[in-house]
Every structure is written in C-alpha cells, then in structure tokens.
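Novice: Next comes the sequence, and after it the predicted model I'd like to discuss.
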Amino acid sequence: MTRGLVAVLVLAAAAGGAAGAQGDPNVGAVYVCNQVLVRIRTEAAGQSLEQRREAVRLRLVQAYATQRTAPADVTLRQVPGGWAIYLRGQLLVTVTPQDARANGTTEAALARLWAARVRDLLGKCPLEVPVRP
C-alpha cells in the first residue's frame, strides 16, 4: 500500500511540474491521495517555485518510505524568514512572506492553513512503515 501511495505522490507531482506555464496553478501543487496538500506559488531562499515544490515532494516521499506518521506529528514553528511545518521533527515546507502575499494572507495564517491541510490529509492517507520482504 505504501509503495502505491509513494507512486501516486511521484506521478501527481510530476504531472503538476509538466503542466508548464507560469500561470498554471498546478505547477507548484504537491499532492497526497490525489488532493492538493500545498500549492507553492513563489520563489524563496534562492529556489524557484518548481525547486521548492520538488523539495516538499521529496520530503513527503521520504516520510512515506521511512516513517509511521500521524496528524499529531505535524508541528508548526516560527523560523527566521517565516514559518515552518515539520513532520516528526523533519522540515516539510517553509511559509515565507512571499507565499503569504501570493495567497492574500499573513504568514502565520497561511502556515496554520497548510499545517491543518497536512494533518487532514495524513488522517486520510496515513504514512505507514513499508513491509520489508
């Protein structure tokens, strides 16, 4: 089951990246269980929108491949340059002032919204430790 979820993550993110045009909202979308987890809309810390999306996607793939994680494992912390969402102490995504402006809200409000979305989707598609043959 876990391998299937990882495959869904990889394929959905790849499709979003292949969508192309800058105005396409799927370019920065990261999916879990065929639903948008977060939508990266801006560059930050020297990374393009696509690089940031890929970093979040890879962190999710790693979490799905190596950890048993539940909604309660999602934490939010204020960090230099914004807010950060962590999954069992590992960085998942940073919410920057640019992200907040692009979404018409504040950093703290967007971070709370994204963290709630992560918790919600983890509740629907829990991370499980893969069974080793």
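Specialist: Now that the structure is in, tell me what you want to look at.

Novice: quick one: least confident helix or strand in the chain?
Specialist: One helix or strand of the chain scores below all others by mean pLDDT, DSSP states H and E: helix 2-18, with a mean of 45.

Novice: next SSE after that helix?
Specialist: For helix 2-18, the following helix or strand on the C-terminal side (DSSP states H and E) is strand 29-32.

Novice: so what secondary structure elements neighbour that next one?
Specialist: helix 2-18, strand 35-39, helix 49-66 (3 or more C-beta pairs under 8 Å, 6 or more residues apart in numbering; DSSP states H and E). Just so you know, the C-beta spots here come from the backbone N, C-alpha and C atoms, and that holds for glycine as well.

Novice: Direction included, what does the second one pair against?
Specialist: Spelled out, it's strand 35-39. Sheet pairing of strand 35-39 (DSSP bridges) gives strand 29-32 (antiparallel).

Novice: averaged over its residues, what pLDDT does the partner strand have?
Specialist: The average pLDDT for strand 29-32 rounds to 86.

Novice: cool, stretch 123-133 as well?
Specialist: For stretch 123-133, the per-residue pLDDT values average out at 65.

Novice: For Arg68, give me phi and psi.
Specialist: phi -100, psi 120 (degrees, to the nearest 10).
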